[in-house]
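*Asks:* Coordinates for the following, if possible.
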Amino acid sequence: MSQNSQQKDNPFPVQLLQWGICACAFLPYALVALLIRFVIFRVFFFSAQTKIDGFSITPATFYLFQYEYALPIIPYKLAAYAGTIGEFALSILLLVGLATRFAAFGLIVMTLTIQYVYPDAWWSVHVWWLLVLLVLVSKGGGTLSLDYLLKDMFGSPSKS
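*Replies:* The predicted structure follows:
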């Protein structure tokens, strides 16, 4: 029995699922990475926007870092600056795909820190951020990134 006749014998839902699996095989990682980078950018960039007013960190942000986000090992002012600048800068690096693995790793550290502050949000939000960021750490920003463009422009060092 040929593969085509086996597929015709399958019920329609199974055929539809098989077609979907085959179609996904043609989905380029570059597009997936671009979409992942955009989604994570939105999460962290818009969070950073709530913490600033122009070029200044708001008093409310310092209050939150002192009382709600309080970390036992970092002074709250340092944490407020580092967290806000990190959310802002690392999310922009991800969006354009520059130092993608570094930016994704930095946001993983930030996600784990947020998880420490809000432990009940693990299964609803943080685990998904972590997994998506791990894809970027593992695979990089894809061919639709500045990383790829710069690598292509400057090449890698000769191994001779």
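
*Asks:* show me the residues around residue 147 that make contact.
*Replies:* Going by CB atoms under 8 Å, 6 or more residues apart in numbering, residue 147 touches 97-100, 140-141. All C-beta spots, glycine's among them, are computed from the backbone N, C-alpha and C.

*Asks:* and if we set it to 7 Å?
*Replies:* 97-98, 100, 140-141 (CB atoms under 7 Å, 6 or more residues apart in numbering).

*Asks:* Between which two of those residues is the distance greatest?
*Replies:* 98 and 140 (11.4 Å; CB to CB).

*Asks:* which of the contacts of residue 147 has the most neighbours?
*Replies:* residue 141 (28 neighbours; other CB atoms under 10 Å).

*Asks:* From residue 98, how far out is that residue?
*Replies:* 8 Å (CB to CB, to the nearest Å).

*Asks:* Wasn't residue 70 part of a strand?
*Replies:* No. Counting by DSSP: H, G, I helix; E, B strand; the rest coil, residue 70 is located in no strand; its state is coil.

*Asks:* How many residues are close by it?
*Replies:* Residues near residue 70, counting by other CB under 10 Å, number 12.

*Asks:* That one: what's it in contact with?
*Replies:* By CB under 7 Å, 6+ apart, the contact list for residue 70 reads residue 76.

*Asks:* Repeat the analysis, applying 6 Å as the threshold.
*Replies:* Counting by CB atoms under 6 Å, 6 or more residues apart in numbering, residue 70 makes contact with nothing.

*Asks:* Over to it: give its phi and psi.
*Replies:* Backbone torsions of residue 70, given as degrees, to the nearest 10, read phi -50, psi 120.
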